[in-house]
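Chemist: this one's sequence-less:
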Ligand code: F6R
Ligand code: MG
Ligand code: MG
């Protein structure tokens, strides 16, 4: 493989058992997944891989030449999760196999529970990439940071001063409820884009593309976000999505520091305890990715990679392991205290229609004959 050839980067994740509760992943599960993927690498199915976790989610990061939506790669991930689930059951881990919603794999992992972000790219001379991994939140949590990376000149200086970025980018936005999508161009349609993605539980950024005239082909994504909505798939609540994303950087794309800069602001996201609360998104190094306070606060880990000309993953660098993000973490803790003091009240607790757990129908039923008309 050489520069100019295509390689696919796939990040596939699932919660197949927490240790303890919903906080972390037991090392035996990581070991098992490594075993399965190492075999696939020997057999030439994978070019390279890395297994890690963020909170209670097992994360498979893989390079290969099979393109996106490959049944071979999705089947491999499914197998790693299935084998891991067996270990999780032996160890009595919490919610063993919770994200494997189907009994048998049928060609594509989409709609089966795990989250997927993948992109097929033409390798540049040097290919810097960041994979983001979030726990205790939903895909819309990426709306604000991805918007800022690729469309906000107050975040990304390159939009103003780099001739290779000045034309802007195109955003593919999904309407999660209606299962529709639209592509919007920035800066021309900036306000339309914001009108949609500000409603982050409904409209989510799925991909970002360059525009005509960019060095990167126009149909090749420069960012992609996992958007599988577990509660819709299962028909009942089985956990938040805990999304992942892949972002390419440098040379006419946001610089590494422009990709990370949005996370210096701990935005409020939904998720946290019982997937039913708003809280600050705290950027953390991997070793701090286990959400413990009120099952949170929600977290994001950023792993930095160079993909070499062979398609090997050179990394990871734990990018938020930097005192430059200490203030964001401190601010997140201050916001955590502030939000927690609202207890069961909105806007800490999510509005009724967005809550993943609710006793309200039961309470209303119990009180039904005690409700009386108000004059
Ligand atoms: C949130 C999450 C946890 C659980 C909570 C209750 O996404 O995973 O906050 O919702 O720990 O879990 P159960 O109902 O399994 O006891
Ligand atoms: Mg869990
Ligand atoms: Mg999780």
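Modeler: Yep, that arrived. From a predicted model like this one, the values you see are computed outputs, not experimental measurements. Ligands and ions are numbered 1, 2, ... in the order given.
Chemist: please make it C-alpha for all contacts and neighbour counts, starting now.
Modeler: Fine.
Chemist: residue of the stretch 151-300 of the chain with the smallest distance to ligand 3?
Modeler: Across the stretch 151-300 of the chain, no residue is closer to ligand 3 than residue 242, which sits at 5.3 Å (Cα to the ion).
Chemist: ok, that residue - contacts?
Modeler: 57, 115, 133-139 (Cα atoms under 8 Å, 6 or more residues apart in numbering).
Chemist: which pLDDT value belongs to it?
Modeler: The score at residue 242 is 94. That number is its pLDDT.
Chemist: so it: helix, strand or coil?
Modeler: For residue 242, the secondary structure call by DSSP: H, G, I helix; E, B strand; the rest coil comes out as coil.
Chemist: for the one 4 residues further on, same thing?
Modeler: Assigned with three-state DSSP, residue 246 falls in the strand class.
Chemist: could you do residue 117 as well?
Modeler: For residue 117, the reduced secondary structure class is strand; criterion used: three-state DSSP.
Chemist: in contact with the spatially closest residue to it that is not a sequence neighbour, which residues?
Modeler: If you skip the residues right next to it in sequence, residue 117 has residue 226 as its closest partner in space, 4.8 Å away by Cα to Cα, 6 or more residues apart in numbering. With contacts defined as Cα under 8 Å, 6+ apart, the neighbours of residue 226 are 115-117, 139, 206, 243-245.
Chemist: of those residues, closest to ligand 1?
Modeler: residue 243 (11.5 Å; Cα to the nearest ligand atom).
Chemist: touching, the closest one and residue 115? I think so.
Modeler: Yes - in terms of Cα atoms under 8 Å, residue 243 counts as a neighbour of residue 115; the distance is 6.6 Å.
Chemist: shared neighbours of these two, anything?
Modeler: Shared contacts of residue 243 and residue 115, defined by Cα under 8 Å, 6+ apart, comprise 226-227.
Chemist: if we can go back for a sec, scan the contacts of residue 242 and report the most crowded one.
Modeler: Neighbour tally across the contacts of residue 242 (other Cα atoms under 10 Å): the maximum, 33 neighbours, falls on residue 136.
Chemist: residues in this protein within reach of ligand 1, list them.
Modeler: The chain has residues 22, 136, 239-240, 271-275, 295 near ligand 1, with proximity defined as Cα under 6 Å from any ligand atom.
Chemist: give me the buried subset of these.
Modeler: Buried residues within the residues of the chain next to ligand 1, defined by neighbour count using 16 or more other Cα atoms under 10 Å: 22, 136, 239-240, 271-275, 295.
Chemist: lowest-confidence entry in these?
Modeler: pLDDT across those is lowest for residue 239, at 53.
Chemist: can you pull out the helices in the stretch 151-300 of the chain?
Modeler: According to DSSP state H, counting those that start in this stretch, the stretch 151-300 of the chain carries its helices in the segments 158-161, 190-197, 230-234, 256-260.
Chemist: quick one: contacts for the residue of the stretch 101-250 of the chain found nearest ligand 3?
Modeler: Nearest residue of the stretch 101-250 of the chain to ligand 3, counting by Cα to the ion: residue 135, 4.7 Å away. Taking Cα under 8 Å, 6+ apart as the contact definition, residue 135 lies against 54-57, 242-243, 289, 291, 298-300.
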